[in-house]
Structure formats: structure tokens, C-alpha cells
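*Asks:* requesting a structural model of the entry that follows:
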Amino acid sequence: MKIQKIDPKRLKELRGKMSRQDLADKSSVSARQIARIEASTASATVRSHTVKRLASALGVDSEVLSGSKPADGAVRRHPSADKQLHLKIDSEVQLAYDLVEHSYPYSPGMKDIINWAPLFFVLLAEGSLAWRTRCLEKIDEAMKSLDVAATQQKHLYFTRYLTDVETGYWAEEDSIKKADICGETIRSDDSLMEFAGSNESFYGLNPFMAHLQKLSLEIEIKDKAFPVGIPGDPWDPFAYIYGFLKDELEEITGGSDNAEWALRFGDVRLSDIPEELMPGEEKDDHKNERVAWLEDRLSSESRAKLTLTI
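*Replies:* A predicted model of the protein is given here:
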């Protein structure tokens with residue numbers, strides 16, 4: 001865990017007339033933590049991603065916040081350069097962003113990752129469509145081989161009757177042409193779903209998830225990030241897009257289900273956990289205290305949701 005310092009006076013100076021809550025909304029650092037930093041009599045010790053978030057929200061380099069660079073002459077963006085995203089995200093997705101910052105302390109700031117998200121999506125989407133096209137080419141070759149077999153060996157006449165395969169082939173081809181990355185045109189067709197059968201693999205019904213799963217296996221990061229479901233699945237209130245940094249999350253929660261669900265339900269954020277309770281680089285001296293702290297923050301509403309699923 002990368003630790004950095006913030007000069008409390010410098011933070012107050014840069015915040016100016018902006019309220020703590022406004023800075024909290026813009027940086028995703030809680031107003032309570034901002035108040036704690038500003039109340040420090042000496043440099044406040046915080047995690048590196050906290051510095052990155054605040055610096056990005058204030059439009060300055062991290063070194064300016066720490067006091068190692070003068071505030072005079074600091075490059076400040078024109079207010080019109082930054083736009084506030086008015087978009088609610090699932091608590092699972094917020095946790096994923098928090099885990100990225102926690103697990104990759106030297107990665108670009110969260111604002112940069114959000115800025116890059118459209119590029120990441122296009123690369124994955126086009127990669128999935130290209131992969132599906134290659135899979136379809138193999139099916140086409142197989143159908144042609146069966147047709148040849150029926151022509152050469154009359155007793156194999158049945159290989160000419162590939163109605164189901166052809167139906168699926170045309171549906172998949174049409175889905176690819178429409179850039180339907182999740183196969184919505186296929187999954188919304190009841191006749192095709194009946195033809196697919198009730199015992200088909202879940203991933204098989206969402207080609208984009210299948211492609212992500214394939215990538216995670218190929219680069220051997222299945223324990224870091226892996227697709228687990230379709231968000232908003234009406235049959236599963238706990239369905240979300242991906243599992244994320246499982247080992248890192250388990251280290252923070254100590255394997256406690258209630259501690260983990262407090263984070264998953266958004267009752268508490270990683271940045272809310274007191275610095276002194278977080279795992280150190282070499283040993284974890286405050287595991288039990290941290291787990292108890294997290295468990296205490298699992299709300300009654302969240303507990304009720306969990307009870308309903310048992």
C-alpha cells in the first residue's frame with residue numbers, strides 16, 4: 001500500500017470557496033476524511049489514491065498537495081474543461097473502482113480510468129465481435145463438410161438436415177452485423193431460446209461475457225477479474241457484471257461475509273476505512289479491528305436483503 005502526505009494548509013488553500021462536500025462529490029473522497037486531513041496539525045498521511053483523487057478534482061499535481069511543489073504557478077484547468085457526470089452506478093461497480101485504486105497504487109488516477117473507459121469498451125466490444133466471427137467461420141466450415149459427406153456417402157443423408165444449426169448460424173450472423181455484443185437480439189427471441197435449450201451454459205447466452213471469460217483464462221487472471229453474471233438479471237438480485245480482485249477483497253474483509261457485503265452494498269467505501277486499520281505492506285496488525293469495523297457498518301437494510309435470500 002503506497003502512502004503519501006498532504007499538507008493540510010495547502011489543501012484548504014486549494015479548496016478555496018469550494019465546500020468540503022462539493023470537493024467530496026468531485027473527488028470521491030468523503031467529506032469526513034477531507035475534514036480530518038484539514039484538521040491535522042502536521043502533514044496528513046493518506047493512501048496514494050486519496051492524493052490522486054483530490055489532486056485531480058482540484059486540477060493540480062499531487063506534489064502541489066503534498067507541499068513539495070509551490071502552489072504558485074500550479075496549472076489549474078479552466079472550469080469548463082471538467083464536466084460532472086450525473087450518473088448513478090451500482091455499489092458493486094463503485095467497489096470495483098475502489099479496489100483498482102487500492103490494488104494498483106501506481107496506476108493512473110480514477111478520473112483518467114473513467115476517461116479511458118470508452119476506449120477500453122470499444123477495444124473489448126470489437127474484439128468480441130471479431131472472435132464471434134471467427135467462431136462462426138468454423139461453424140460454416142463444419143456445415144460444408146457435412147454437406148460434402150452427404151453427397152459422397154448417400155447413407156449419411158441425415159447430415160443434410162441442419163435446420164437448427166442454420167437457424168442459429170443466421171441469428172448469430174445477424175447479431176454480429178448489428179454489433180449486438182451481448183446477443184440481445186438472440187436472447188429476446190423466444191423461439192431461438194427454446195431451440196437453445198434450458199440446460200445451456202449461462203455464458204453461452206451472452207457472447208460478450210463469454211469473450212471476457214475467454215480473455216481472463218488466456219492471460220491467467222481469472223482470480224483477478226472474471227465475468228459472473230448479467231447486471232440487472234430479474235431472476236437474481238445479486239447479479240453483477242464481474243467478480244473483481246477476489247484475493248484483495250478477501251484480505252481487506254478477512255473472509256467475513258458481513259464485512260464484504262457492507263462494501264458490496266455500498267454501506268461503506270474503502271476510502272472510509274481509517275488509514276491505521278488498513279493492511280500494511282508486510283503484515284496486517286489490525287485485521288480483527290478492521291473486520292469488526294466493517295461488520296458494524298452493515299446496515300439493517302442490507303441485513304434484511306441478505307435474510308431474504310437465505
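*Asks:* can you pull out the low-pLDDT segments for this protein?
*Replies:* 1-3, 71-86, 109, 190-191, 193-205, 222-223, 226-242, 281, 308-310 (pLDDT under 70).
*Asks:* residues near the closest residue to Ala262 other than its chain neighbours, how many?
*Replies:* Once flanking residues are discounted, Ala262 sits nearest to Leu298: 4.2 Å by C-beta to C-beta, 6 or more residues apart in numbering. In short, each C-beta sits where N, CA and C put it, glycine included. When neighbours are counted by other C-beta atoms under 10 Å, Leu298 registers 22.
*Asks:* does Leu298 count as helix, strand or coil?
*Replies:* Classification of Leu298 using DSSP: H, G, I helix; E, B strand; the rest coil returns coil.
*Asks:* test my guess that it contacts Arg264.
*Replies:* No. Here Leu298 does not reach Arg264: they are 9.9 Å apart, not a contact under C-beta atoms under 8 Å.
*Asks:* quick check: phi and psi on the residue of the chain positioned farthest from its centre?
*Replies:* Here the chain reaches farthest from its C-alpha mean at Lys154, the gap being 54.4 Å by C-alpha atoms, centre = their mean. Backbone torsions of Lys154, given as degrees, to the nearest 10, read phi -60, psi -30.
*Asks:* same check on Ile6?
*Replies:* Reported as degrees, to the nearest 10, the phi and psi values for Ile6 are phi -130, psi 130.
*Asks:* can you tell me how far it is from Leu212?
*Replies:* Ile6 is 37 Å from Leu212, where distance means C-beta to C-beta, to the nearest Å.
*Asks:* next, count neighbours for the nearest residue to Leu306 once chain neighbours are set aside.
*Replies:* Using C-beta to C-beta, 6+ apart and skipping residues adjacent in sequence, the residue nearest Leu306 is Trp261, 6.3 Å away. By other C-beta under 10 Å, the residues close to Trp261 number 20.
*Asks:* check contacts around Trp261.
*Replies:* Contacts here follow C-beta atoms under 8 Å, 6 or more residues apart in numbering; on that basis Trp261 touches 298, 302, 306.
*Asks:* dump the residues you listed to CSV, plus distance to Tyr106.
*Replies:* Listed next are these as CSV, based on distance: C-beta to C-beta, whole Å:
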residue, distance to Tyr106
Leu298, 32
Ser302, 33
Leu306, 36
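*Asks:* for Tyr169, what are its contacts?
*Replies:* By C-beta under 8 Å, 6+ apart, the neighbours of Tyr169 are 136, 139-140, 143.
*Asks:* would CSV of the residues you listed with neighbour count and distance to Ser43 be doable?
*Replies:* Below are the contacts of Tyr169 laid out as CSV (neighbours: other C-beta atoms under 10 Å; distance: C-beta to C-beta, whole Å):
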residue, neighbour count, distance to Ser43
Leu136, 16, 59
Ile139, 16, 63
Asp140, 12, 65
Met143, 15, 69
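*Asks:* what's the most distant pair in those?
*Replies:* Checked with C-beta to C-beta, the contacts of Tyr169 reach their widest spread between Leu136 and Met143, with 10.5 Å between them.
*Asks:* one step back: between Ile6 and Leu212, who's got more neighbours?
*Replies:* Comparing Ile6 with Leu212 by other C-beta under 10 Å, the one with more neighbours is Ile6, at 23 against 20.
*Asks:* beta partners for that one?
*Replies:* Beta-bridge pairing of Ile6 under DSSP bridges involves Ala44.
*Asks:* would you confirm that it contacts Ala42?
*Replies:* No. In this structure Ile6 lies outside contact range of Ala42 using C-beta under 8 Å: 10.6 Å.
*Asks:* make sure Val51 is actually in contact with Ile6.
*Replies:* Yes. Using C-beta under 8 Å, Val51 is in contact with Ile6, at 6.2 Å.
*Asks:* what sits in contact with each of the two?
*Replies:* Common neighbours of Val51 and Ile6 (C-beta under 8 Å, 6+ apart) are 65-66.
*Asks:* Ser128 belongs to a strand, doesn't it?
*Replies:* No. Read with three-state DSSP, Ser128 is helix and lies in no strand.
*Asks:* residues near it, how many?
*Replies:* Residues near Ser128, counting by other C-beta under 10 Å, number 22.
*Asks:* so what's it up against?
*Replies:* Neighbours of Ser128 in contact, by C-beta under 8 Å, 6+ apart: 181, 207-208, 211-212.
*Asks:* how about a cut-off of 6 Å?
*Replies:* Shown in contact with Ser128 (C-beta atoms under 6 Å, 6 or more residues apart in numbering): 181, 208, 211.
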